[in-house]
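Participant: quick one: sequence and predicted model below, then my questions.
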Number of protein chains: 2
Amino acid sequence: MTLTESAGHRVRNAAITRATILESARKRFAREGYDGASLREIAADAGVDAALISRYFGSKDELFSEVVMLACQPDPDLFGGDPATFGERMAKAALEGEQDGEKLDMFLIMLLSASSPKASEIVRRCSRDQFYQRFEEWLGGPDVDVRTRLSASLMMGMSLSRVIDDTKEFDAVRRAKLQDRLAAIIQLSIAP
Amino acid sequence: MTLTESAGHRVRNAAITRATILESARKRFAREGYDGASLREIAADAGVDAALISRYFGSKDELFSEVVMLACQPDPDLFGGDPATFGERMAKAALEGEQDGEKLDMFLIMLLSASSPKASEIVRRCSRDQFYQRFEEWLGGPDVDVRTRLSASLMMGMSLSRVIDDTKEFDAVRRAKLQDRLAAIIQLSIAP
DNA sequence: GAGCCAAGTCAACGGTTGGTGACTTATAAG
DNA sequence: CTTATAAGTCACCAACCGTTGACTTGGCTC
């Protein structure tokens, strides 16, 4: 997803360029976190000069905010169906494939950006106002805040565990067992 | 824990200085992660010049390795008692007090250093060879690797959740409910 | 085609980082 | 007291970061 074409000159379109930068930033932030992803890397991925990012988004903070704002909207495939099968769906999304992992990008960004106070503050505000609120509305029931928080912790932990200690070394049988157990645990975490 | 005394000159002792640096590094890494903690900050905390760290430990990597190696040894209070009450003890340690949190420092370091590939690799190797192995020995039973991994993910997720979205806003009642639920979930995660 | 303005590039700044080598100083042996 | 050596400090380097301002270039209107 680069703007530079194979042959010669490129089309100048502010909207497309902005969207391309945003997409590159999302991928970088989800793979390296706020501090780890540099504007120059993001710009190189998008095929533009780094100065253009500051021009379009003002600062790295604001670019990050916009990315988080987009990533914080809960995927309806996961947070929209029957709550009774939520654990199953979530465990599947967390463990099966999804290298590009758009659905779980938010958790990865939260996770890998936790070490930066500024990024943490942005993520905190955005996840509280956007993600948790919708999640709680969808989930409902007693102690909904406790249950929401617990299941979110679980999902983040699973993402972290996947990043740090990748599941590649598990064979198919163990991964299936892990997935089943994870599904049961997530289901328990949201059970009223 | 600074080496500089109030009045005048300081005692020169390599062993003590080394230990002081190591302790400062542990705290910094547990609060800011590998990338976030700078050698100059660590040195300032210890009350020495930053150059001394490179002299004693060679590089930031090696300092980090040594810190992780120490932090990776499972606390016998948590991973030594009756497995039947493990969830309870763990949930208590994760949620109650423990600002200085020595027992959970390892999880914090793993968490906040996940964005650095080098640090991740160090943490991965150390936790696999030291932590997981002892944890599995203590836990035992069928599918011990799956259960170990699952509960570790849970604990990391809870640490992360605590860092990102601190529990200060929860009153005592909700925190108690959260703790009870967390205990039950952790217990389920290690159940054979 | 001329001209204007946004889109994009370039070079540079100040700041911070990890790391290195020369230097100073305290401490203990003689 | 002298002195050798380890302990500690200082100045400095190259690399990278986010950000800025001046500059160039493309695309549209007239």
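Facilitator: Looks like it came in fine. Residues are numbered from 1 along each chain as shown, chains lettered A, B, ... in the order given.

Participant: was I right about A:Arg149 contacting B:Gln179?
Facilitator: No. If you go by Cβ atoms under 8 Å, A:Arg149 and B:Gln179 don't touch, sitting 11.8 Å apart. Where you see a C-beta, it was placed from the backbone N, CA and C, and this is true even at glycine.

Participant: mutual contacts of the two, please.
Facilitator: By Cβ atoms under 8 Å, 6 or more residues apart in numbering or on different chains, A:Arg149 and B:Gln179 have no common neighbours.

Participant: who's more crowded, those two?
Facilitator: Higher neighbour count among A:Arg149 and B:Gln179: A:Arg149, with 24 against 18, using other Cβ atoms under 10 Å in any protein chain shown.

Participant: look up the closest residue to the more buried one, ignoring the ones flanking it.
Facilitator: B:Ser161 (6.4 Å; Cβ to Cβ, 6 or more residues apart in numbering or on different chains).

Participant: measure the one you found to A:Glu121 for me?
Facilitator: To A:Glu121, B:Ser161 is 15 Å away according to Cβ to Cβ, to the nearest Å.

Participant: and A:Arg124, how many neighbours?
Facilitator: Other residues close to A:Arg124 by other Cβ under 10 Å number 17.

Participant: wait, it touches B:Arg162, no?
Facilitator: No. Using Cβ under 8 Å as the test, A:Arg124 is too far from B:Arg162 to be in contact (11.8 Å).

Participant: elements contacting the helix ranked longest in chain A?
Facilitator: Counting residues, the longest helix found in chain A (DSSP state H) is helix A:14-36. For helix A:14-36, the packing partners by 3 or more Cβ pairs under 8 Å, 6 or more residues apart in numbering or on different chains; DSSP states H and E come out as helix A:39-46, helix A:50-57, helix A:60-71, helix A:105-112, helix A:117-126, helix B:14-36.

Participant: buried set for the last one?
Facilitator: With burial defined by 16 or more other Cβ atoms under 10 Å in any protein chain shown, the residues of helix B:14-36 counted as buried are B:17-18, B:20-36.

Participant: can you check the first one too?
Facilitator: Under the neighbour-count criterion of 16+ other Cβ under 10 Å, helix A:39-46 has A:39, A:42-43, A:45-46 buried.

Participant: check the fifth one too.
Facilitator: The neighbour-count check on helix A:117-126 (16+ other Cβ under 10 Å) flags A:119-120, A:122-124, A:126 as buried.

Participant: cool, the second one as well?
Facilitator: Neighbour-count burial for helix A:50-57, with 16+ other Cβ under 10 Å as criterion, is recorded at A:52-53, A:56-57.

Participant: make TSV out of the helices and strands packed on helix A:14-36 and add mean pLDDT and distance to DNA strand C.
Facilitator: Formatted as TSV, the helices and strands packed on helix A:14-36 follow (pLDDT from 0 to 100; distance: least, Cβ to the nearest atom of the strand, whole Å):
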stretch	mean pLDDT	distance to DNA strand C
helix A:39-46	97	8
helix A:50-57	96	3
helix A:60-71	96	12
helix A:105-112	88	18
helix A:117-126	93	13
helix B:14-36	95	7
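
Participant: just put these in a markdown table and tack on distance to A:Ile186.
Facilitator: Output for these, formatted as a markdown table (distance: least, Cβ to Cβ, whole Å):
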| stretch | distance to A:Ile186 |
| --- | --- |
| helix A:39-46 | 33 |
| helix A:50-57 | 35 |
| helix A:60-71 | 20 |
| helix A:105-112 | 13 |
| helix A:117-126 | 21 |
| helix B:14-36 | 27 |
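
Participant: between those helices, which one is closest to A:Ala183.
Facilitator: Of all the helices and strands packed on helix A:14-36, helix A:105-112 sits nearest to A:Ala183, with 16.7 Å by Cβ to Cβ.

Participant: which helices and strands does that closest one pack with?
Facilitator: Judged by 3+ Cβ pairs under 8 Å, 6+ apart, helix A:105-112 is in contact with helix A:14-36, helix A:60-71, helix A:144-164, helix B:144-164.

Participant: tilt between the first one and helix A:144-164?
Facilitator: Going back to what we said before, that points to helix A:14-36. On the basis of axes from the mean of the first three to the mean of the last three Cα atoms, to 10 degrees, helix A:14-36 is oriented at 80 degrees to helix A:144-164.

Participant: list the buried residues of stretch A:78-91.
Facilitator: Under the neighbour-count criterion of 16+ other Cβ under 10 Å, stretch A:78-91 has A:78-79, A:83, A:86-91 buried.

Participant: sorry, back to before: which of the buried residues of helix A:39-46 lies closest to chain B?
Facilitator: A:Ile42 (15.0 Å; Cβ to the nearest Cβ).

Participant: contact partners for the closest one?
Facilitator: With contacts defined as Cβ under 8 Å, 6+ apart, A:Ile42 is in contact with A:21, A:24-25, A:28, A:50, A:53, A:63.

Participant: what do you get for A:Gln187?
Facilitator: Contacts for A:Gln187 (Cβ under 8 Å, 6+ apart) come out as A:84, A:86-88.

Participant: with these in mind, which one is nearest to A:Leu139?
Facilitator: A:Leu139 lies nearest to A:Phe86 out of the contacts of A:Gln187, by Cβ to Cβ, at 8.4 Å.

Participant: around DNA strand D, pick out the residues from chain A.
Facilitator: Chain A comes close to DNA strand D at residues A:9, A:11-12, A:37-41, A:50-51, A:53-55, A:58-61, as judged by Cβ under 7 Å from any atom of the strand.

Participant: one more time with 10 Å
Facilitator: Residues of chain A lying close to DNA strand D (Cβ under 10 Å from any atom of the strand) are A:8-13, A:28, A:32, A:34-44, A:49-55, A:57-64.

Participant: about what we covered before: closest one of the contacts of A:Gln187 to DNA strand C?
Facilitator: Nearest to DNA strand C, judged by Cβ to the nearest atom of the strand, of the contacts of A:Gln187 is A:Gly87 at 40.6 Å.
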